[in-house]
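Undergrad: Just need the structure, nothing else, for what follows:
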Amino acid sequence: MNKSLQVEDFNHIRVVTHMQSDIKNNLSYFMVKKSDLLTNTYKQTLHQVDMNTKSVKILDIDGAPESFVIADDKMLLIYKGEGLSRIVSFDPISQNMERVCSVQYDIKDSHYYQGSLIFKAVLNQRGNHGEDFYKQLGKQELGQLYRVDLSTGLVEPMTSNDIDVDCLSMDMDSQCIIYTGFKVKPIKPLASDVYTFDLRTSETKRWTHGDYRINHVGGLGRQGIFMGIELACHSRNDNQDIYLIDFETGLITPLTLLQDKSLESLGVMGDSHYKTGHRLKIYDGCAYYVTIDRFGETLRKMCPKGNEDIMVSPLKTIDTFTVCDDGVLVAGMTSDQLHEVYWLTDENCVQLTTLNEWSKEIQKNSPILHKGKFDGWVIPPLNRIKDKTYPGVLMIHGGPKATYSDIYSHDMQLLSQAGFYVFYCNPRGSDGRGDEFANIRGHYGDWAYEDLLDWTDQVLRNYPDLDPNRLGVMGGSYGGYMTNYVISHSNRFKAAVSARGISSMKTGFLSSDIGFEYVYEYMGNTEHPWSDPHKYDEASPLNRANQVKTPTLFMHGKEDVRCHYMESAQMYSALLYLGVDTELCLFEDEGHSYEVVGKPESKLRRYRKILEWFQKYLIEECSDGIG
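TA: From the prediction side, this is the model:
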């Protein structure tokens, strides 16, 4: 008999990260990350794949490196401390380890080149108002490129401090670094530019001129490739296209017009996986990249002179991958499987690991798909009893340009096992169905609100044992905003959990690290808080706090720079003043993504608070005749 799911079982979830291939030795590597509640940290193991036999083994290394780089016949393991990165050489054959050097930077991305490590570091920039002020707003960071000589430890900068480096790639054929950078200005611009740094001559060239919002870059010898959106024709959040740069003529041409497919990195949402590494890989003259489609993510291959090929697989998420001679090594989730590693070719998809076998022994309910104007899923309570009614929780994803699918989510399965219906959908604004469906500019809350309540009505019609008087609502980030919006426009939900969401569009515009661009766009790309304050007020749940009757738990990371914790604090204070049952749960030293990559104790506390809140207001009080 299968075991009951426990809150602490998230501690068993293993996530695959940082895949790389050593083509010369026909080996590939990846790391596996697992939380450790006893130490309140994460443990990481390094794995090697023999690409001839497809066998996987764990390599014996000391400690938990943050990342690694393949360097000739060895590997460079990177261990991180407080503003310090320690570089250690590791021989995967002898498994000998040797300290190389340390640098006074937090290495974010790195590439090996002829005895040197080229890396990106993020520097803190003090402003006139002091470092603490800028830390709160997330506006103090400046990305720079550096090169460290591994024999001497000498570090030299490769870029000037008037360029904020974003993403980078190494092109060994042309021996250059290709990177994107923003011009450093008081207000960060929407557009970045593509640059190359010639490693032989140290010459820097710029290839674009403020025309594109760019996510990823790569090199094809005499050509460069990037994913971006042309801002003269589109809004910043429209689906991106793939462009080719001719490094001889400077001509930029579109390779693929992907207005019905998304290249955004949020993708399929869930609390049990996340993405690492580059989403664009170049191999043997072809580009490999991931698109967000209607029900999941798809790996695609495109050659500049050929057609785009879809690499068919059962995977719903593709979270890290590396390209080899005759296929792609990829890590992701299927509908019924947590993270595993797969060997993907044009013909088939073969699972290579059993990292999360523990989950097969756990009782779970599979999400049931309901297609329609918008797609939704329902997870019934585990072990339903005939003629009994059950409470339910509407879940709302973040983004809003992201998507739900039927993958495992620990919080959803916990609620199902605790006796709740869990139902969720992809309302307008979600990803995977083209620009028109995702475009809710000027309708940031109202269109999704209509869809979410329509979906709730549909679920109630289809599941008569779902009690309409015992409904809860919950979401994080944009889902937190929508939770605030829902409870301020409807009293049909008897409990709510609002996580890391905006409550006022005015303060969201001014306090978020992307507020100027993000809020401005979603408010319609026409008005700011002073030109049309009424429009911002109408979209702000805080302005309707006096309409809220729903007991609401607010949860927020204290170090969140995407949605400042005061967004939850001011909504909480309003409900407290107005006499509505409410609670504010702040997580010290946690940022915006604490529910996925936060400290294990924070994740444990989050799961317990969610269950306690909904049990209190949807089960205990209703069973006492109060609800």
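
Undergrad: Heading C-terminal from the worst-scoring helix or strand of the chain on mean pLDDT, find the next helix or strand.
TA: Scoring the helices and strands of the chain by mean pLDDT, DSSP states H and E places helix 131-137 at the bottom, with a mean of 44. The helix or strand immediately downstream of helix 131-137 is strand 141-149, counting by DSSP states H and E.

Undergrad: Partner strands of the very next helix or strand once past that next one, with direction?
TA: Next helix or strand after strand 141-149 toward the C-terminus (DSSP H and E): strand 155-157. Each strand that pairs with strand 155-157, with its direction, by DSSP bridges: strand 141-149 (antiparallel).

Undergrad: Relative to the whole chain's centre, how far out is the strand it pairs with?
TA: Centroid displacement of strand 141-149 relative to its chain, using Cα atoms, centre = their mean, to the nearest Å, is 24 Å.

Undergrad: what's in contact with that strand?
TA: For strand 141-149, the surrounding residues in contact (Cβ atoms under 8 Å, 6 or more residues apart in numbering) are 87, 101, 103, 105, 108, 113, 115-125, 154-159, 161, 164-166, 168, 177, 179, 181, 184, 197. Yep, even glycine has a C-beta here, placed from its N, CA and C like the rest.

Undergrad: and if you look at stretch 239-251?
TA: 174, 194, 196, 207-208, 212-213, 215, 220, 222-230, 252-264, 287, 289, 302, 304, 434-435, 438.

Undergrad: Which of the residues in that stretch are classified as buried?
TA: Within stretch 239-251, the residues that qualify as buried are 239-245, 247, counting by 16 or more other Cβ atoms under 10 Å.

Undergrad: Looks to me like residue 606 is in a helix.
TA: Yes: counting by DSSP: H, G, I helix; E, B strand; the rest coil, residue 606 is part of a helix.

Undergrad: Of the contacts of strand 141-149, select the buried ones using a ChimeraX command.
TA: Burial among these is assessed by 16+ other Cβ under 10 Å; the matching ChimeraX selection reads:
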select :87,101,103,105,108,116,117,118,119,120,121,122,155,158,159,164,165,166,168,177,179,181,197
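
Undergrad: Okay, and which of the contacts of strand 141-149 map to strands?
TA: Taking DSSP state E, the ones among the contacts of strand 141-149 that sit in strands are 87, 101, 103, 108, 113, 116-124, 155-157, 164-166, 168, 177, 179, 181, 197.

Undergrad: Could you pull up the residues touching the nearest residue to residue 375 once chain neighbours are set aside?
TA: Counting by Cβ to Cβ, 6 or more residues apart in numbering, residue 426 is the residue found nearest to residue 375 once chain neighbours are left out, at 5.2 Å. The contact partners of residue 426, by Cβ under 8 Å, 6+ apart, come to 374-376, 397, 403-404, 432-433.

Undergrad: Model confidence for residue 426, exactly?
TA: The model reports residue 426 with a pLDDT of 98.

Undergrad: Next, give phi and psi for it.
TA: Backbone torsions of residue 426, given as degrees, to the nearest 10, read phi -110, psi 90.

Undergrad: which residues of the stretch 451-600 of the chain fall in helices?
TA: Remark: helices assigned in the stretch 451-600 of the chain by DSSP state H, counting those that start in this stretch are 478-489, 505-511, 515-522, 533-538, 566-577, 594-597, 600-615.

Undergrad: which one of these lies closest to residue 413?
TA: Residue 413 lies closest to helix 600-615 among the helices of the stretch 451-600 of the chain, at 10.6 Å (Cβ to Cβ).

Undergrad: buried sites along the closest one?
TA: 600, 602-607, 609-611, 613-615.

Undergrad: for stretch 141-160, same thing?
TA: Across stretch 141-160, burial judged by 16+ other Cβ under 10 Å covers 142-148, 150, 155, 158-159.

Undergrad: May I ask which two of these are separated the most?
TA: 142 and 150 (24.7 Å).

Undergrad: if we can go back for a sec, what's the distance between the residue nearest to residue 375 and residue 445?
TA: Distance from residue 426 to residue 445, counting by Cβ to Cβ, to the nearest Å: 16 Å.

Undergrad: Over to residue 297?
TA: Distance of residue 297 to residue 445, computed by Cβ to Cβ: 27 Å.

Undergrad: do residue 356 as well
TA: In this structure, residue 356 lies at 37 Å from residue 445, with Cβ to Cβ as the measure.

Undergrad: Check residue 86 too.
TA: Taking Cβ to Cβ as the measure, residue 86 falls 47 Å from residue 445.

Undergrad: Which of those two has more residues huddled nearby?
TA: residue 445 (25 against 18; other Cβ atoms under 10 Å).

Undergrad: hang on, that one packs against residue 482?
TA: Yes: Residue 445 is within contact range of residue 482, at 6.6 Å (criterion: Cβ atoms under 8 Å).

Undergrad: can you pull up the bridge partners for residue 362?
TA: Here residue 362, judged by DSSP bridges, has bridge partners residue 3.

Undergrad: That one: neighbour count?
TA: 16.

Undergrad: got the contact list for it?
TA: 2-5, 9, 413.

Undergrad: If you rank these by neighbours, which is first?
TA: Busiest of those [other Cβ under 10 Å] is residue 413, holding 22 neighbours.

Undergrad: so that residue sits in a helix?
TA: Yes: the assignment for residue 413 (three-state DSSP) places it in a helix.

Undergrad: what bits of the chain have low per-residue confidence?
TA: Across the chain, the ranges flagged by pLDDT under 70 are 1, 125-140, 258-259, 306, 621-627.

Undergrad: So which residue is dead centre in it?
TA: Among the residues of the chain, the one closest to the centroid is residue 266, at 4.4 Å (Cα atoms, centre = their mean).

Undergrad: so it touches residue 402, yeah?
TA: Yes: the pair residue 266 / residue 402 is scored as a contact, 4.0 Å apart, by Cβ under 8 Å.

Undergrad: Can you check which residues contact both of these two?
TA: residue 431.

Undergrad: Now do the contacts for residue 358.
TA: Neighbouring residues of residue 358 by Cβ under 8 Å, 6+ apart: 9, 12.

Undergrad: quick one: it from residue 13, how far?
TA: Following Cβ to Cβ, the distance that separates residue 358 from residue 13 is 9 Å.

Undergrad: One more: residue 31?
TA: In this view, residue 31 and residue 13 are 15 Å apart by Cβ to Cβ.

Undergrad: what does residue 233 give?
TA: 42 Å.

Undergrad: Who has more neighbours out of those two?
TA: residue 13 (21 against 9).

Undergrad: so what's the more buried one closest to, chain neighbours aside?
TA: Residue 13's closest residue in space is residue 272 (Cβ to Cβ, 6+ apart), at 5.3 Å.

Undergrad: The one you found is in what secondary structure piece?
TA: Counting by DSSP H and E, residue 272 is part of no helix or strand.
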